[in-house]
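Asker: got a sequence here, can you model it:
(2 chains)
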Amino acid sequence: MAVKNFVVGLFDDEAVLFPAVKKVRTAGYKLHDVYTPFPVHGLDHAMGLRETSLHTAGFIYGITGTTTALTFMSWVFNVDWPLNIGGKPHFPLPAFIPITFELTVLFAAVGMVMTFCYLCQLMPGVKKHIFHPRQTDDKFVMVIELTEKSNAEEIKRFLNEAGAHDVNEQRAEAGWWYGRYDKNDEDVYARPVNA
Amino acid sequence: MSLKYESTLREPLVDGVKDYHQVTEDIISPIEGKPGKLWYVGFLISLSLLGFGAFSVFWQIYFGVGVWNLNKTIGWGWDITNFVWWVGIGHAGTLISAILLLFRQGWRTGVNRAAEAMTIFAVMCAGQFPIIHMGRVWMAFFILPYPNTRGPVWVNFNSPLLWDVFAISTYFTVSLLFWYSGLIPDFATIRDRAKTKLRKLLYGVAAFGWTGSTKHWQRHEALSLVLAGLSTPLVLSVHTIVSFDFATSVIPGWHTTIFPPYFVAGAIFSGFAMVQTLLIITRKILHLEEYITLGHMEAMNKVIVLTGSVVGCAYLTELFMAWYGANPYEFATFFKYRAAGPLGWSYWIMMTCNVITPQVFWFRKMRRNVMVTFVMSIIVNIGMWFERFVIICTSLYRDYLPSSWSYYRPSWPEVGFYMGTFGLFFTCYFLFAKYFPVIAVAEIKAILKTSGENFKEKMEVYEGESAEQFAKAVHHEHAH
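Answerer: Got it, this is the predicted structure:
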């Protein structure tokens, strides 16, 4: 990832944010991201984001758990060490169900959370640029990326008209890096702008 | 445009004049301040209980399980009673966070964080009992299926006790993941408003670099929903499997097909009671009465009266089946040694606390009374502890052979161990209440407009206007 220039606008209410997102898209500006303090339903559709396929990943992990449990238990009881436990059958499917179910859930849950963290680049020690300290509190922050074609003043005027306030220009690292939030990372921003 | 509003007639879930920032202030400022005197007192009491528990466990491990008053007849006593009780307590947390999420119950947002924390701490307490009960705890790893040098002799996958190992560890892991993934956005909120360097560092690590990006929220919502979908059958399975420990045996009083649903209902019953106990104290100490409202308590009391009645129904069914099944041993267990006999007193405590007293919650006035709810929540927990005691001990103390009949009372290390888990539970809960947001901040904000008191009032004014007009009005309001 690279350092880029952004125009940042603050919104107070999601009711104002929604029409603004639509306007940005019709105007053709490069919408970098919208940061909200809570999940705003429908905002992903308004921004034109693709549906997440995390569910599919979860399903695959679950199936993996099911097969792992069933094959492992069958292998242990029938192949590796067939043991007569009170004359019970070596392939007691009903008795295998509880553990099979538990492993299905375990694999699906752990796999999904890890995939979620990977996709969102979340991990202890990960640092990302915070465009406004209140974007996790009560402000809705719209960030538009500046490209060679776009005019910063024009976008600022546009955001003001759409209902944003505190509109400003920021030079920021767009990706993530290892760092601490209690320290300033000047070197990250010192790199040349990739516009 | 998603501007859907709930009926103004429905009781608001968040009282008072709140906006998004006010919600953050109310819930996060207790974390930033110094804890009150009461917190220190409670924390020290919990720590000393924990210390006594640790000493009792040390004593038991040093001298062996013989220091417990278990005997040849009663092989399971307080230890497994406490195990089942603590696991049951945990269930309300998952129920609130998972099942109520799937059912789109908005009121869960006020209580889910604390309830999930309760689940995790309760399962931590529960897990210790079967492990310590093994006696030689340093051999506990024998229950794990791993290729070993002893044969390889594998674990017995037919055994319900092994199913327990998988069920409890899966339950703990999934609850922990569910809880923590919900906490990440709130940790980011604390991090971004932190004034001190230490707080920025610690919450920065805990927040995993969360920014609140729309794409991330979309994935987060999908994750929560699927985890809820996974936890819903999981929470039912865990206590079902715990009940298999008994139901798959041939002991009269245990060998019953009603056990799985009856155990699950009982677990939810006692779990909700514990949530009530904790939340009534928490809302008082942290001044969160506007977020954990009487409406929340009423909703939970409705669950308590429902599950309490299910449990009562199960007791009566058991009695009926003991008579109708025409098995003399089962009849003797239920009618001679449970309802009467030397341990009969425990049966009647159970009946009173679980079946009779919760019926006060049929009255709206009682459901909405904080003191009544608090007292009832403790009564229910006592009752549910006795339920497990009754199932375990009154089924065992009179077996097929009259010469081995015996009585049971716990020894001090058994009591101490139980007290110790209380210490652990409350130590964890006090730390949680101090350093973690006890209410899911982001989730409260998400329902604030549809069920916040002041927004409901505003909506009466805007009713009939189109969404565009409403957006303009709100925009105008924020312009100054």
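
Asker: what bits of the stretch 1-150 of chain B have low per-residue confidence?
Answerer: For the stretch 1-150 of chain B, residues meeting the criterion pLDDT under 70 lie at B:1-9.

Asker: same thing but at 80, please
Answerer: B:1-10, B:16, B:148-150 (pLDDT under 80).

Asker: chain A now?
Answerer: Using pLDDT under 80, chain A drops low at A:1, A:185-195.

Asker: pick out the residue closest to the middle of it.
Answerer: Closest residue to the average C-alpha location of chain A: A:C120 at 3.3 Å, with Cα atoms, centre = their mean.

Asker: spatially nearest residue to that one (excluding sequence neighbours)?
Answerer: Of all residues not flanking A:C120 in the chain, B:H216 sits nearest, at 4.6 Å (Cβ to Cβ, 6 or more residues apart in numbering or on different chains). (Glycine included, C-beta is placed from N, CA and C.)

Asker: burial count for the one you found?
Answerer: Residues lying near B:H216 (other Cβ atoms under 10 Å in any protein chain shown) number 23.

Asker: residues touching it, list them.
Answerer: Contacts for B:H216 (Cβ atoms under 8 Å, 6 or more residues apart in numbering or on different chains) come out as A:120, A:122, B:210.

Asker: make it 10 Å
Answerer: For B:H216, the contacting residues are A:33, A:35-36, A:39, A:52, A:116, A:119-122, B:184-185, B:210, by Cβ atoms under 10 Å, 6 or more residues apart in numbering or on different chains.

Asker: ditto for B:W163
Answerer: Per Cβ under 10 Å, 6+ apart, neighbours of B:W163: A:95-99, A:101-102, B:157, B:237-238, B:240-242, B:244-245, B:248.

Asker: at 6 Å instead, please
Answerer: B:W163 is in contact with A:98-99, B:241, counting by Cβ atoms under 6 Å, 6 or more residues apart in numbering or on different chains.

Asker: now do A:D166
Answerer: When the contact criterion is Cβ under 6 Å, 6+ apart, the partners of A:D166 are A:L10.

Asker: about what we covered before: make TSV from the contacts of B:W163 and add secondary structure and distance to A:V167 to it.
Answerer: Shown next, in TSV, are these (DSSP: H, G, I helix; E, B strand; the rest coil; distance: Cβ to Cβ, whole Å):
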residue	secondary structure	distance to A:V167
A:P98	helix	58
A:I99	helix	58
B:I241	helix	58
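
Asker: who wins for neighbours among these?
Answerer: Most surrounded of the contacts of B:W163: other Cβ under 10 Å gives B:I241, at 26 neighbours.

Asker: how near is that one to chain A?
Answerer: 5 Å (Cβ to the nearest Cβ, to the nearest Å).

Asker: I'd say that residue and B:A167 touch.
Answerer: Yes. Counting by Cβ atoms under 6 Å, B:A167 is a contact partner of B:I241 at 4.3 Å.

Asker: count the residues that sit near B:N158.
Answerer: B:N158, neighbours per other Cβ under 10 Å, totals 18.

Asker: count the neighbours of A:P89 for me.
Answerer: By other Cβ under 10 Å, 12 other residues sit near A:P89.

Asker: what does it show for phi and psi?
Answerer: Per-residue torsions, A:P89: phi -70, psi 160 (degrees, to the nearest 10).

Asker: show me the contacts for it.
Answerer: By Cβ under 6 Å, 6+ apart, A:P89 has no neighbours at all.

Asker: quickly note the distance from it to B:S249.
Answerer: 19 Å (Cβ to Cβ, to the nearest Å).

Asker: related to what we said a few turns ago, among the contacts of B:H216, name the buried ones.
Answerer: In the contacts of B:H216, burial by neighbour count holds for A:33, A:35-36, A:39, A:52, A:116, A:119-122, B:184-185, B:210, counting by 16 or more other Cβ atoms under 10 Å in any protein chain shown.

Asker: now A:K4: how far from A:H129?
Answerer: Taken as Cβ to Cβ, the span from A:K4 to A:H129 is 10 Å.

Asker: which residues do the two both contact?
Answerer: By Cβ under 6 Å, 6+ apart, A:K4 and A:H129 have no common neighbours.

Asker: tell me where chain A has strands.
Answerer: For chain A, the strands defined by DSSP state E occupy A:3-11, A:30-35, A:126-128, A:140-145, A:165-173, A:176-178.

Asker: to B:L13, which of those strands lies closest?
Answerer: strand A:140-145 (22.0 Å; Cβ to Cβ).

Asker: what's that closest one in contact with?
Answerer: A:4, A:6-11, A:17, A:29-36, A:131-132, A:135, A:155.

Asker: tell me, how many residues neighbour B:S403?
Answerer: By other Cβ under 10 Å, the residues close to B:S403 number 6.

Asker: report the secondary structure state of it.
Answerer: Three-state call for B:S403 (DSSP: H, G, I helix; E, B strand; the rest coil): helix.

Asker: which pLDDT value goes with it?
Answerer: On the pLDDT scale, B:S403 is placed at 90.

Asker: residue contacts, it?
Answerer: For B:S403, the contact set (Cβ under 6 Å, 6+ apart) is empty.

Asker: and B:Y408, by the same measure?
Answerer: Shown in contact with B:Y408 (Cβ under 6 Å, 6+ apart): B:74, B:77, B:393.

Asker: hmm, 10 Å instead?
Answerer: B:69-71, B:73-74, B:76-78, B:342-343, B:389, B:392-394, B:396-397.

Asker: what about B:T307, which helix or strand?
Answerer: Element membership of B:T307, judged by DSSP states H and E, is helix B:294-324.

Asker: show me what counts as buried in that helix.
Answerer: By 16+ other Cβ under 10 Å, the buried positions in helix B:294-324 come out as B:294-301, B:303-312, B:314-315, B:318, B:321-322.

Asker: on that earlier part again, for PyMOL, what selects the buried ones among the contacts of B:Y408?
Answerer: Here is the PyMOL command that selects the buried residues among the contacts of B:Y408 (16+ other Cβ under 10 Å):
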select buried, chain B and resi 69+70+73+74+76+77+78+343+389+392+393+394+396+397
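
Asker: just the contacts of B:Y408 now: which is nearest B:S29?
Answerer: B:W78 (41.7 Å).

Asker: quick one: the closest one and B:V415 touch, right?
Answerer: Yes. At 7.4 Å, B:W78 and B:V415 qualify as touching, with contact defined as Cβ atoms under 10 Å.

Asker: overlap in contacts, these two.
Answerer: By Cβ under 10 Å, 6+ apart, the residues touching both B:W78 and B:V415 are B:R409.

Asker: need the contact partners of stretch A:48-59.
Answerer: Taking Cβ under 10 Å, 6+ apart as the rule, stretch A:48-59 contacts A:21-22, A:25, A:31, A:33-34, A:43-45, A:107-109, A:111-116, A:118-119, B:214-216, B:218-223, B:225-227, B:229-230.

Asker: can you say which of those are buried?
Answerer: A:21, A:31, A:33-34, A:43-44, A:107-109, A:111-113, A:115-116, A:119, B:214-216, B:218-223, B:226-227, B:229-230.

Asker: need the winner for burial among the strands of chain A.
Answerer: The highest mean neighbour count among the strands of chain A, using mean count of other Cβ atoms under 10 Å in any protein chain shown, belongs to strand A:140-145: a mean of 24.

Asker: quick one, that strand and strand A:165-173 angle?
Answerer: Interaxial angle, strand A:140-145 versus strand A:165-173 (axes from the mean of the first three to the mean of the last three Cα atoms, to 10 degrees): 50 degrees.

Asker: could I have the CA atoms of strand A:140-145 written out in PDB?
Answerer: Taking C-alpha atoms only, strand A:140-145 is exported to PDB below (Å, rounded to 0.1, in the frame of the first residue of the first chain):
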ATOM      1  CA  PHE A 140     -19.500   9.400   9.900                       C
ATOM      2  CA  VAL A 141     -16.400  10.000   7.900                       C
ATOM      3  CA  MET A 142     -16.400  10.000   4.200                       C
ATOM      4  CA  VAL A 143     -13.000   9.700   2.600                       C
ATOM      5  CA  ILE A 144     -12.500  10.500  -1.100                       C
ATOM      6  CA  GLU A 145      -9.200   9.600  -2.700                       C
END
